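**Q** The following comprises the amino acid sequence and a computationally predicted model.
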Amino acid sequence: MAKLSDPVTILRGVGPAKAKQFEALNIFTLGDLLCHFPRGYEDRTKLLQVAQLEVDRPACFRAMVMNTPRTNHIRKGLDLTKVQVADHTGRLSLTFFNSKYAVEHLEYGKEYIFYGCLTGDYAGYGMTNPIFEDIDSAAVTTRRVMPIYPLTAGLTNAAVLKAVRQALSICDPPREVLPEAIRQRYGILGAEEAYRIIHEPRTMEEAAQARKRMIFEEFFVFSAGLSLMRAARAEKKTAPYENTDLSPFYHSLPFTLTGAQQRAIGEILADLQKGAPMNRLVQGDVGSGKTMVAAGAAYCAAINGKQSALMAPTEILAEQHFASLSQLFAPMGITVALLTGSMTPKEKKQVREGLENGSVQIAVGTHALISESTVFQNLGLVITDEQHRFGVGQRSRLSAKGTDPHLLVMSATPIPRTLALLMYGDLEVSILDELPPGREAVDTFLLGESYRPRINAFIRKQVSEGHQCFVVCPAVEENDGLDIKSATVWAETLQQTVFPDLRIALLHGQMKGAEKEAAMAAFARQEADVLVATTVIEVGVDVPNATLMVIEDADRFGLSQLHQLRGRVGRGKAKSYCILTTHNRNPDTIQRLKALCKTTDGFKIAEEDLKLRGPGDFFGSRQSGLPAFHMADLSFDLEILKQAQEASARWIEDAGTQDTPEAAALRSRVAELFSRAEGTMN
Ligand code: ADP
Ligand code: MG
């Protein structure tokens, strides 16, 4: 018996060359191979008669070859072989391109099973390149459900299938991780059976069952992993914070906190007094005042003699937080320091010394904060801003910097509840569902191309009043196939032909990190009037002087993303506007965009988005920080997700931490999943 960890080269017919091709699919071992699931199936089980064949519906049929195949050499590299076949219901003309195999195997007067797709036009019906087998051969390519695998150059579907079959015959599939009781309750196939069926189902129904099991397992392992992390944290002990009198902090604020902010801080204080590490997410729309909630938490840590680290995804955001926090805390005698990658080694060294000897209480920074050389004297609280940029793995790396510090993550991406559970299953959640008073909504309009002159005039008006504008384009560069605006070209056009007298700047995701930051910082310093950008501006920088955002080809974005973008304006005192443009005339698209013009409630928009577009927008590879699911597609499998979450929650409660072999297998699968995930996050 072979092992799952054995290399694919132990299979017959898999030499070094084949192995290289498998490698391109990330398949190294038999285990990898068995986990290379079909992306779909072709139902070749139905055997029709020739007269029953329908155009564009591939099917099998049994027919006799009615003449000797005739091959015409059309030109170099193109041979056409034609042959007539028939059964008692009808006759059909088959065409093969460059098929030596057909020429050599199809015999006049013999019957075969064919599988192909009827095509037809005014000139009559026919079929091109059908697959065929002898009627008495085993059903390998016809009369069966055919798995269709993801492939790579040189590797055929048949070769993958052959290797998989062989692997299944010489080794046992991966171990069962789903408890029996759960499998029964949710009608889930066992592992052994599922691995066989997913590669060789007898019917489409079987294939669907096997697929469901794999998806269920993925979700189950993931949610169980999050629950285990949560349980493990709850077991840890930390000294409860004794001093929770925040009145000096409240008194030094230039405003009164909103009810939502007070509630969130209250929840945080309760966590800090518990004696176990806090693990909390603060979710609030752009502008809801998350920074002050974080500041309250950091203040509480400071008066209890603990250091805090606030980690932001970009340097400029870190600088912004540093500016506002040091202004707030300096009068209270609390020292705030900034640590970013672009500081000089000497500056960094100085800050690190302060962190190590405890003279700095609050550190604000980027990834530099979690680098090896940063040592804290007494790190008690870790805050990450704009959480969606940091994965589960990074969160835990940061916590490793202290002895189980409290964790607070802040996210501006409103996420519907089901998805939040998936992304933040290991976190408690506080929601800021209230904006500070006096904040005027950003007026949003949807305009067609005929409004272009007026849009341009409006940009000019804002600039002439001393304000700045964002123009967001869906693409970086021109793309032939697509009629959408690209930032590079549109910036050029605006500068050359529309606003030669204004200062137009450009910012997009293909620029280097430092270049991006410089462009953003320059805009924040009002060194440009109009910033033409891609969605890179979506996250966090405050430019209160920007009062207008024009989003070109808005139909290209998800509603939540548009909402997020729109949050970049309306941050100052002046009235702000957002203009969405589109060429799209699809009534559904128009309705979707109009919904955004009417509401400013991020959660409502997120729910709407989920309904209309599925969860893809929330789980874009960039922002999710989630492991890549192998099999599950979050756009279609939400129902299974719910079941798996329910199942894993129940199981963890009953048995999750027990020492059964199943629990051990599950724990090792969880560890594997999260370590794989870490590589793909960021
Ligand atoms: P976000 O939740 O998007 O991170 P910020 O924390 O950046 O929001 O706050 C947005 C702006 O609102 C900041 O200028 C901040 O000083 C201000 N702000 C925060 N809380 C309040 C409040 N309770 N009343 C008035 N202004 C507030
Ligand atoms: Mg913020």
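**A** Perfect, I can see it now. Ligands and ions are numbered 1, 2, ... in the order given.

**Q** List, one by one, the residues from this protein near ligand 1.
**A** When proximity is defined as CB under 6 Å from any ligand atom, the chain approaches ligand 1 at 255, 257-258, 261, 284, 286-292, 412, 436. Just so you know, the C-beta spots here come from the backbone N, C-alpha and C atoms, and that holds for glycine as well.

**Q** Counting neighbours, which bits of the host helix or strand of W651 end up buried?
**A** Element membership of W651 [criterion: DSSP states H and E] is helix 638-651. Judged by neighbour count using 16 or more other CB atoms under 10 Å, the buried positions of helix 638-651 are 638, 640-641, 643-645, 647-649, 651.

**Q** how about those in JSON lines, adding pLDDT?
**A** Compiled in JSON lines, the buried residues of helix 638-651 are given as follows (pLDDT from 0 to 100):
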{"residue": "L638", "pLDDT": "74"}
{"residue": "I640", "pLDDT": "86"}
{"residue": "L641", "pLDDT": "83"}
{"residue": "Q643", "pLDDT": "88"}
{"residue": "A644", "pLDDT": "89"}
{"residue": "Q645", "pLDDT": "84"}
{"residue": "A647", "pLDDT": "88"}
{"residue": "S648", "pLDDT": "85"}
{"residue": "A649", "pLDDT": "82"}
{"residue": "W651", "pLDDT": "81"}
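
**Q** Throw these into CSV and include distance to G572, thanks.
**A** As requested, these are exported to CSV (distance: CB to CB, whole Å):
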residue, distance to G572
L638, 39
I640, 46
L641, 41
Q643, 47
A644, 45
Q645, 42
A647, 49
S648, 46
A649, 44
W651, 51
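
**Q** what stretches of the stretch 351-500 of the chain score poorly on pLDDT?
**A** Along the stretch 351-500 of the chain, segments meeting pLDDT under 70 span 386-402, 414, 416-419, 421-426, 480.

**Q** And for the stretch 101-250 of the chain?
**A** Short version for the stretch 101-250 of the chain, where the test is pLDDT under 70: 121-123.

**Q** any idea how far A2 is from ligand 1?
**A** Distance from A2 to ligand 1, counting by CB to the nearest ligand atom, to the nearest Å: 55 Å.

**Q** And the strands in the stretch 201-350 of the chain, which stretches?
**A** Using DSSP state E, counting those that start in this stretch, the strands of the stretch 201-350 of the chain run over residues 279-284, 307-311, 336-339.

**Q** so which of those comes closest to S371?
**A** strand 336-339 (9.1 Å; CB to CB).

**Q** who are the neighbours of that closest one, in terms of helices and strands?
**A** If you count contacts as 3 or more CB pairs under 8 Å, 6 or more residues apart in numbering; DSSP states H and E, strand 336-339 packs onto helix 315-329, helix 345-357, strand 362-365.

**Q** Using TSV, lay out those together with mean neighbour count.
**A** Shown next, in TSV, are the helices and strands packed on strand 336-339 (neighbours: other CB atoms under 10 Å):
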stretch	mean neighbour count
helix 315-329	20
helix 345-357	15
strand 362-365	27
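
**Q** Of these, which is nearest K516?
**A** helix 315-329 (8.9 Å).

**Q** And S668, what's its pLDDT?
**A** Looking at S668, its pLDDT is 81.

**Q** Looks to me like it is in a helix.
**A** Yes - under DSSP: H, G, I helix; E, B strand; the rest coil, S668 falls within a helix.

**Q** how many other residues sit next to it?
**A** 12 (other CB atoms under 10 Å).

**Q** okay, now the domains of the chain?
**A** 1-45+144-172, 51-143, 258-432, 443-599 (automatic domain parsing).

**Q** Mean neighbour count, the ones you listed: which tops it?
**A** For the domains of the chain, the largest average neighbour count (mean count of other CB atoms under 10 Å) is found in domain 258-432, namely a mean of 20.
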